[in-house]
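Asks: Here is the input, now give the coordinates:
(2 chains)
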Amino acid sequence: MKEKKSLFQNPGFQTLLASILCAVFGIILGFIILLLMNPEHATEGMFAILKNFFKYANNKTNLMYYFGSTLVKSVPVILCAEAILFAYKTGLFNIGCAGQYTVGIIASLYTALALHWNWFFCLLSAIVAGAVWGAICGFFKAYCNVNEVIAGIMLNWISLYICNIVLGNKICMNTTKSETYDIAGKNPSGILPAFLADFFGQNKYVTIAVPLTVIVAICILFVLNKTTFGYELKATGHSKDAAKYAGMNAKRNIILSLVISGAIAGLAAGLYYLTGIEHYKIASSVPGMGFSGIAVAFLGGLNPIGSIFAGFFVEYITLGGQYLNTNYYNPQVADLMIAIIIYLCGFVLFFKTIMTKPVSKLGTAPSPTPDKKTDAADNTADKKEV
Amino acid sequence: MEDYVIEMLHITKEFPGIIANDDITLQLKRGEIHALLGENGAGKSTLMSVLFGHYTPEKGVIKKDGKEVKISNPNDATALGIGMVHQHFMLVDIFSVLDNIILGSEPNKFGFLTKAAARKKVLDLSNKYNLKVDPDALIEDITVGMQQRVEILKMLYRENEILIFDEPTAVLTPQEIDELMKIMKELAAEGKSILFITHKLNEIMAVADRCSILRKGKYIGTVDVKNTTKEELSSMMVGRNVKFAVDKAPAQPKEEILKVENVCVKSKLHNNDSVHNVSFNVRAGEIVCIAGIDGNGQTEFVGALTGLDDIESGKISLCGEDITKKSIRYKSTHGMSHIPEDRHKHGLVLDYTLEENMILQRYFEPQFSKNGILKKGEMRKYSDKLAAAFDVRSGQGATTIVRAMSGGNQQKAIAAREMDRDHKLLIAVQPTRGLDVGAIENIHEAIVKERDAGNAILLVSLELDEVMNLSDRILVMYEGEIVGEVDPKTTTLQELGLYMSGAKRDTRKEA
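Replies: Below you'll find the model as predicted:
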């Protein structure tokens, strides 16, 4: 019994619980929507979504193929989540991640389709582009005290229009279809090297992007927890004043944090578009990947490893929408449901706050009690001085 | 039968572990100016919070016009005609003067504002009491003195009869203070009753009719101001000297460690300098204390000294090296240790563990990191060593999140960290705030040991006992200036109190 109690008090476990609760809650709400639209087929539809590619359970090749596709499509949203949580640990809300992702698209596709670069350099250019975009945001925040959310949102739109201009020409784009050419056709060296293609049922889109994502997540975990750099960044994020007192350079940390965050977002775009699985289509709104990343980061409990699972879950549900029977449901219903689930995923912190107290009560408080009296006296002393 | 407009009888308010108000009686006569005098933590704010219904007292009653009333929230207080000018004004910066005055009781017709009548009323009041304001000016554009007038008008507009001024002169220039005193007298003559919270004796002598004194949560007495002297008030406020001697040998000061020359710091609140022309030195092997009542520039001065805030002019040297413009990191790695005043804001990263906090300024040193990777084992060892030496107690040892530790242990952790670091100068700002007697003794002993080891110590304290017992020299700061230097062995608390409240000032100006 004792061990179970201490588990309930473990903040990591509480976050996990909150995340699972959010996901379940989202699925239930989604189910209610299906019920409202077409009660007869709701259960069937819900199962189709949840069952997803396991529909092919009898055909191992197909099963692995679609599993692979889900992995590939999870890559950008996981990396965007990593970008957001990295900045978040420094006390910055990098909503500009969407724009940094977009410039990553520009750089990777332009260098691949127009300049015919090798995939490695295409990827590198995407990283650099994202980093520069993050640096602009960081510079304004550090030196002009411009809120990173405002600067980020504006840069998002700027990046979108630049993207439409740079990629919307005959070199990169099939202008009749308004979408970029296949990289494989134009520049085979621009495609990322395949990864365990045999294992994934000859899915050529499964590339080194998948293992790289995991490596990046581990690196972030390492940097945040084991290095002096991560120590500084987190200290600045927790308490700017204490960081200042400790002699840390807050301005530098803000810029560096957004540069790294932007670089990860750029990497996300590169690792996705250079697989060839997706084409850029002329769009009138900023790609949603960066925004989904926010929900994923929170659903993952702001933990780099947690975000991997959260990202996979979100993408799993999103792709699950395709299995919904369109005879009974408008295809947009799937999108609506997914939107609701993702939206609820952002509520993890809220769930955690309302949950922490009752859950902690399941265990007994550890004993920081010897000084309880002085603590209380101190609190009141502080209060009086207000 | 006296005509008391408000009476607070035998109020007792306890917080866990501390009695903030112990059987306090405060009776305010109609049309008088009644001063409420006491040091920090004497219980003035708690008493006012009780009057405004923020706290419910354990014992005691409040009477209005002789009838018992129940005040359970600020709205009740407002309904009884009690108004307050807070030390930090409660005004909306981007609203006009008029809008601020009517805020909360906006005159309207069918939900549409009808400002014309309000404007007339405000202008009438403004003329009547000589409170000149421009009703259309924005708050952010007018001076602090004028903002205060707006606050006063706000109370008059609501026809409050009991006006409470909470340290109203803290942010004013001398001319503005004179004007405020005049206005207060006029208001009292009109029949308004004024409660004036302060610790400046000169002001009490100038305007108050009577004065009630609190000390450490207890009611000391009420005196008629015209029958008393500043010395008497001061000794009532500070109390007799409870000898709580720190065991220490006479100081043997050696070479100069810290030299401060003509330091000025601009205030963030008003146009005056918050620190003006401060010069002094601290030598190795001595404890120099800056004494003074809270809010007289100590915080700002320490901010400038340590680099947390900008310095306007002047020069600071540490061991002969000019460090005025050096970074915080440079100062901290070149011999300056700092126990900050606000342990939650500056001293600790509250969401970090104890071991992480113990290396806050040293994480980059080879002892704790190699090639940018933290040495977790060393951190743990170091943290455990310091915790043992300074008796820092925590629930889960080195991995305790500091936020979960008691205030006293947090303070001990900071003291341990700052004293263990390689340093020549220790700046200790209220190092014993919130500690119990035993812990205070420990920290005092450690500070004396520091001194005997040849370090220079600059102590900034609001606790007079601490000032008297620990320091070798005392500098008194009043309104941003060093107004006197005294020897703790020859001075008295009364004399110190006079310096601290601005009643006395060394005529000889230090070079």
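Asks: Near chain A, which residues of the stretch 151-300 of chain B? Just list them.
Replies: The stretch 151-300 of chain B has residues B:Asp294 near chain A, with proximity defined as Cβ under 8 Å from any Cβ of the partner chain. Using the backbone N, CA and C atoms, a C-beta is placed for each residue, glycine as well.
Asks: again, only using 6 Å
Replies: Proximity of the stretch 151-300 of chain B to chain A (Cβ under 6 Å from any Cβ of the partner chain) involves no residue at all.
Asks: residue ranges with poor pLDDT in the stretch 151-300 of chain B?
Replies: B:170-175, B:239-246, B:269 (pLDDT under 70).
Asks: In it, what residue comes closest to chain A?
Replies: B:Asp294 (7.7 Å; Cβ to the nearest Cβ).
Asks: Go ahead and confirm that residue touches B:Glu463.
Replies: No: the criterion here is Cβ atoms under 6 Å, and B:Asp294 misses it with B:Glu463 at 10.9 Å.
Asks: secondary structure class for the closest residue to chain A within the stretch 51-200 of chain B?
Replies: Residue of the stretch 51-200 of chain B nearest chain A, by Cβ to the nearest Cβ: B:Tyr55 (9.5 Å). What DSSP: H, G, I helix; E, B strand; the rest coil gives for B:Tyr55 is coil.
Asks: which residues does A:Leu29 contact?
Replies: A:Ile340 (Cβ atoms under 6 Å, 6 or more residues apart in numbering or on different chains).
Asks: next SSE after the host helix or strand of it?
Replies: Using DSSP states H and E, A:Leu29 falls within helix A:11-37. Remark: after helix A:11-37, the chain's next helix or strand is helix A:42-51, criterion DSSP H and E.
Asks: Helices of the stretch 151-300 of chain B, start to end?
Replies: Ranges of helices within the stretch 151-300 of chain B are B:174-189, B:201-207, B:230-238, B:298-306, based on DSSP state H, counting those that start in this stretch.
Asks: Output those helices in a markdown table; the columns should cover mean neighbour count.
Replies: A markdown table is the format used below for these (neighbours: other Cβ atoms under 10 Å in any protein chain shown):
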| stretch | mean neighbour count |
| --- | --- |
| helix B:174-189 | 16 |
| helix B:201-207 | 19 |
| helix B:230-238 | 20 |
| helix B:298-306 | 23 |
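Asks: Would you format those as a markdown table with distance to A:Ile127 included?
Replies: Converted to a markdown table, the helices of the stretch 151-300 of chain B look like this (distance: least, Cβ to Cβ, whole Å):
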| stretch | distance to A:Ile127 |
| --- | --- |
| helix B:174-189 | 59 |
| helix B:201-207 | 65 |
| helix B:230-238 | 66 |
| helix B:298-306 | 40 |
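Asks: following the top helix by length along chain A, which helix or strand comes up?
Replies: Ranked by residue count under DSSP state H, the longest helix found in chain A is helix A:60-89. Reading on from helix A:60-89 to the C-terminus, the next helix or strand found by DSSP H and E is helix A:97-113.
Asks: and A:Leu192, helix, strand or coil?
Replies: coil.
Asks: Need phi/psi at it.
Replies: When read as degrees, to the nearest 10, the backbone of A:Leu192 gives phi -60, psi 150.
Asks: Run a quick check on it versus A:Lys204, I expect a contact.
Replies: No: with contact defined as Cβ under 6 Å, A:Leu192 does not count as touching A:Lys204 (10.1 Å).
Asks: I believe B:Lys331 is in a helix; please confirm or correct that.
Replies: Yes: counting by three-state DSSP, B:Lys331 is found in a helix.
Asks: number of nearby residues for it?
Replies: Close neighbours of B:Lys331, defined as other Cβ atoms under 10 Å in any protein chain shown, add up to 22.
Asks: Helix or strand next in line after the strand or helix carrying A:Ala310, which one?
Replies: Taking DSSP H and E as the definition, one finds A:Ala310 inside helix A:304-320. Once the chain leaves helix A:304-320, the next helix or strand it forms, by DSSP H and E, is helix A:331-345.
Asks: okay, the angle between that following helix and helix A:42-51?
Replies: 70 degrees (axes from the mean of the first three to the mean of the last three Cα atoms, to 10 degrees).
Asks: ok, and what's touching helix A:331-345?
Replies: For helix A:331-345, the surrounding residues in contact (Cβ under 6 Å, 6+ apart) are A:22, A:25-26, A:29-30, A:33, A:37, A:292, A:295, A:299, A:314, A:317-318, A:321, A:324.
Asks: Pull out the buried residues from stretch A:130-143.
Replies: A:130-142 (16 or more other Cβ atoms under 10 Å in any protein chain shown).
Asks: Show the low-confidence segments of the chain, by residue range.
Replies: Here I'm looking at chain A. Checking chain A against pLDDT under 70 turns up A:1-9, A:331, A:334, A:338, A:345-346, A:356-386.
Asks: try again with chain B
Replies: B:1, B:16-18, B:39-41, B:170-175, B:239-246, B:269, B:434-438, B:507-511.
Asks: Nearest the geometric middle of it, what residue?
Replies: Nearest residue to the geometric centre of chain B (Cα atoms, centre = their mean): B:Asp294, 3.2 Å.
Asks: how about the residues of the stretch 351-500 of chain B near chain A?
Replies: So the stretch 351-500 of chain B meets chain A at B:351, B:360-361, B:363-364, B:369, B:372-374, B:393, B:395, B:404, B:406-409, B:434, B:436 (Cβ under 6 Å from any Cβ).
Asks: Whichever of those end up buried, select them in PyMOL.
Replies: Only the buried entries of those go into this PyMOL selection, using 16+ other Cβ under 10 Å:
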select buried, chain B and resi 351+360+361+363+364+369+374+393+395+404+406+407+408+409+434+436
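Asks: what's the spacing between the residue nearest to the centre of chain B and B:Arg505?
Replies: Distance, B:Asp294 to B:Arg505, using Cβ to Cβ, to the nearest Å: 19 Å.
Asks: Could I get the CA-only coordinates of the helix or strand hosting B:Gln411 as PDB?
Replies: Assessed by DSSP H and E, B:Gln411 sits inside helix B:407-420. The C-alpha atoms that make up helix B:407-420 are tabulated as PDB, following Å, rounded to 0.1, in the frame of the first residue of the first chain:
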ATOM      1  CA  GLY B 407      10.900  29.900   5.200                       C
ATOM      2  CA  GLY B 408      13.400  29.500   8.000                       C
ATOM      3  CA  ASN B 409      15.100  26.600   6.200                       C
ATOM      4  CA  GLN B 410      15.100  28.400   2.900                       C
ATOM      5  CA  GLN B 411      16.800  31.300   4.600                       C
ATOM      6  CA  LYS B 412      19.400  29.000   6.200                       C
ATOM      7  CA  ALA B 413      20.000  27.400   2.800                       C
ATOM      8  CA  ILE B 414      20.700  30.800   1.300                       C
ATOM      9  CA  ALA B 415      22.900  31.900   4.200                       C
ATOM     10  CA  ALA B 416      24.900  28.600   3.900                       C
ATOM     11  CA  ARG B 417      25.400  29.000   0.200                       C
ATOM     12  CA  GLU B 418      26.500  32.700   0.400                       C
ATOM     13  CA  MET B 419      28.800  32.100   3.400                       C
ATOM     14  CA  ASP B 420      30.500  29.100   1.900                       C
END
